[in-house]
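Engineer: Here is a sequence together with a model predicted from it:
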Amino acid sequence: MSYTLQYGQIWPYLPRLFDGAWIALQIAVLAFCGGLAIGTACAAVKSFGPRWLTRIVNVYVVFFTNTPQLVQIYFLYFALPDTGVLLSSFAAVLIGMTLNAGAYLTEIQRAGFESRRVSEMEAAEVLGFSRLQQIRYVILPHMARVLFPPLSNHFIIMTLGTSMAAVFGVEELTGQAFNINSLTFRSIEIFSVTALFYVALTLAASVLLAAIGRYVFRARTGLI
Amino acid sequence: MLKKLLAAGAVAIGLTGLTVPTSVEARTLDEIIKSGTIRVGVNPTLPPLGKFDDKNEIVGFDVDFASEIAKTLGVKLEVVQTGSPDRIPFVVSGKIDFVMGAMTRNPERAKVIDFTVPVHTEVLGVLTTKDKPFTDWKQFNDPSITFVQVRGSTPVKFIEDNLKNAKVTLLDNYPDAVRALAQGRGTAMIDVIDFMGEHMAKHKVEWKVVETPIDIYYCGLGVSKASTGLKDWLNVAIFELHRRGKTDEIWKKWFGMDMLKPVGVTPYF
């Protein structure tokens, strides 16, 4: 049997893919920002915090980096309601992805904290900087340069990871692709176009991040 | 680097375009008989059409009916697990010879695959919970209503056409959809209520079925447009199974009652 490609059949559904891409991007950006905040806080705790707090952070990081993200969101979406907490599809996906990102970004950022030079810290101490000032003026700018490329990579991975939101009824890009597929059954056409949407999303994000990295943090990534 | 990426992407897309059209193959009737095995797609999340038994094997009306077909053809039966979204792609790509699993005949699907004469009917109803006041399916056409439905199933289109104002949450399979409804993630679900019984029983919720049969669908076997002669033979076999009362017998065994709206035997097809 030969398969005839009929892209014409799926053009009317393109707006749905754009809607889906927009939702995917929203999830990725929100979860990444949330994850970055958690990651920064946890990395700071691991580098400077008291031992009992470090232990708690360690448990969190080990738990979230050693279980699949899909299982984590499944837990939030389907298991939590049995304890009386009912999260909407979007909230469950967002919280799940944020917590997951937080754990990975903790590990990434810790490397940044530890890359600080002892001499710089000593200089800051001599100048009478408080701990907070040391973090704000010495450690963070240094970290940004070291961390920008791995953080950018993680953002790209998260953008692609938003596809699992479809399992929980969020109509993002993959969910819309599934829907259009169940209406038209033109699987090859739909999923090739969907793949192009993801390529466009991640390329746009890469270029934007690389530009930010280059001009704001003077960090070089592979793209520009 | 950017240029390289773009070039790689272009090559990859070009290759997909080139290789896909020749890689799909549906078997003809002769090839199936010669191989000695017929491959049938069954959805195990639609009890009692299909479900997993204690030994984790797929059983149900669909499996028994497909066994009768295989017996009549004189070949062995191989049951292949399918879900609602992938069942038609499986037929088109020749992974299975025909698909069961409540294959409602409709013009959209018939553009892509062929249908045999009907095997059974589906009577659509609205599933909701006792605490809700609804008595008629038309009351659900309201923005405050959220339906929980299975992606790729026929009622999704019914809701889009007839209950435009209601919201819809789409999940991947029946166990997840019924659980979501039980957890209060939606107001109602429209589907074939006969198939919901086992899922409903798993949740401590007071269910209510809004009594109106809102639509009746006819389900046949889905075959590839290229499986020469297979569809014609299946039509004859299905007619014979109806005429001998075998279909009704298997239905009663699994559903515990007669088909709500019988297909009726007709020698013209």
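Structural biologist: Received, thanks.
Engineer: Tell me which stretches of chain B form strands.
Structural biologist: B:37-42, B:51-52, B:58-59, B:76-81, B:98-99, B:113-115, B:120-129, B:146-150, B:167-171, B:189-192, B:207-219, B:222-224 (DSSP state E).
Engineer: Turn those into TSV, including mean pLDDT.
Structural biologist: Compiled in TSV, the strands of chain B are given as follows (pLDDT from 0 to 100):
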stretch	mean pLDDT
strand B:37-42	96
strand B:51-52	92
strand B:58-59	95
strand B:76-81	96
strand B:98-99	96
strand B:113-115	95
strand B:120-129	90
strand B:146-150	94
strand B:167-171	94
strand B:189-192	90
strand B:207-219	85
strand B:222-224	95
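Engineer: Stretch B:171-189: end-to-end distance?
Structural biologist: Distance between the two ends of stretch B:171-189: 12 Å, counting by C-alpha to C-alpha, to the nearest Å.
Engineer: can you dump the C-alpha coordinates of stretch B:77-89 into CSV?
Structural biologist: Provided in CSV are the C-alpha atoms of stretch B:77-89 (Å, rounded to 0.1, in the frame of the first residue of the first chain):
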residue,chain,number,x,y,z
LEU,B,77,-5.9,-15.7,16.5
GLU,B,78,-3.3,-13.2,17.6
VAL,B,79,-4.7,-10.5,19.9
VAL,B,80,-2.8,-7.2,19.7
GLN,B,81,-3.4,-4.5,22.4
THR,B,82,-4.6,-1.2,21.0
GLY,B,83,-5.9,2.0,22.5
SER,B,84,-8.4,4.6,21.1
PRO,B,85,-5.9,7.0,19.6
ASP,B,86,-3.6,4.4,17.9
ARG,B,87,-6.1,1.8,16.7
ILE,B,88,-6.6,3.4,13.2
PRO,B,89,-2.9,4.0,12.6
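Engineer: and that stretch, anywhere near chain A?
Structural biologist: Yes - applying C-beta under 8 Å from any C-beta of the partner chain, one finds stretch B:77-89 in contact with chain A at B:Ser84, B:Pro85, B:Ile88, B:Pro89. C-beta here means a position set from N, CA and C on the backbone, and glycine is covered the same way.
Engineer: between these, which has the most around it?
Structural biologist: B:Ile88 (24 neighbours; other C-beta atoms under 10 Å in any protein chain shown).
Engineer: Contacts only, for the residue of the stretch 51-200 of chain B found nearest chain A.
Structural biologist: Chain A sits closest to B:Gly152 of the stretch 51-200 of chain B, with a gap of 3.4 Å, by C-beta to the nearest C-beta. Going by C-beta atoms under 8 Å, 6 or more residues apart in numbering or on different chains, B:Gly152 touches A:Phe178, A:Asn181, A:Ser182, B:Gly83, B:Ser84, B:Pro85.
Engineer: Quick check: nearest residue in space to it, chain neighbours excluded?
Structural biologist: A:Ser182 (3.4 Å; C-beta to C-beta, 6 or more residues apart in numbering or on different chains).
Engineer: got the contact list for that neighbour?
Structural biologist: So A:Ser182 contacts B:Ser84, B:Pro85, B:Arg151, B:Gly152, B:Ser153, B:Val156 (C-beta under 8 Å, 6+ apart).
Engineer: Quick one: check the longest helix along chain A for contact with chain B.
Structural biologist: Secondary structure of chain A per DSSP state H: the longest helix is helix A:14-48. No - applying C-beta under 8 Å from any C-beta, one finds helix A:14-48 out of contact with chain B, separated by at least 12.3 Å.
Engineer: what's the answer for stretch A:169-176, then?
Structural biologist: Yes - with C-beta under 8 Å from any C-beta as the criterion, chain B is reached by stretch A:169-176 at A:Gly169, A:Glu171, A:Gly175.
Engineer: What residues does the second one make contact with?
Structural biologist: Contact criterion C-beta under 8 Å, 6+ apart gives A:Asp19, A:Gly20, A:Ile23, A:Asn179, B:Leu170 as the residues in contact with A:Glu171.
Engineer: Same list (those) but as JSON lines, adding neighbour count and distance to A:Ile38.
Structural biologist: JSON lines is the format used below for the contacts of A:Glu171 (neighbours: other C-beta atoms under 10 Å in any protein chain shown; distance: C-beta to C-beta, whole Å):
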{"residue": "A:Asp19", "neighbour count": "14", "distance to A:Ile38": "29"}
{"residue": "A:Gly20", "neighbour count": "27", "distance to A:Ile38": "27"}
{"residue": "A:Ile23", "neighbour count": "20", "distance to A:Ile38": "22"}
{"residue": "A:Asn179", "neighbour count": "22", "distance to A:Ile38": "33"}
{"residue": "B:Leu170", "neighbour count": "23", "distance to A:Ile38": "30"}
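Engineer: Look at the nearest residue to B:Met100 once chain neighbours are set aside and say how many residues are nearby.
Structural biologist: With C-beta to C-beta, 6+ apart as the criterion, B:Met100 has its nearest non-adjacent residue at 4.0 Å, and that residue is B:Asp62. The number of residues packed near B:Asp62 is 31, by other C-beta under 10 Å.
Engineer: what residues are up against B:Lys225?
Structural biologist: Taking C-beta under 8 Å, 6+ apart, one finds A:Met1, B:Ala26, B:Val112, B:Ile113, B:Asp114 in contact with B:Lys225.
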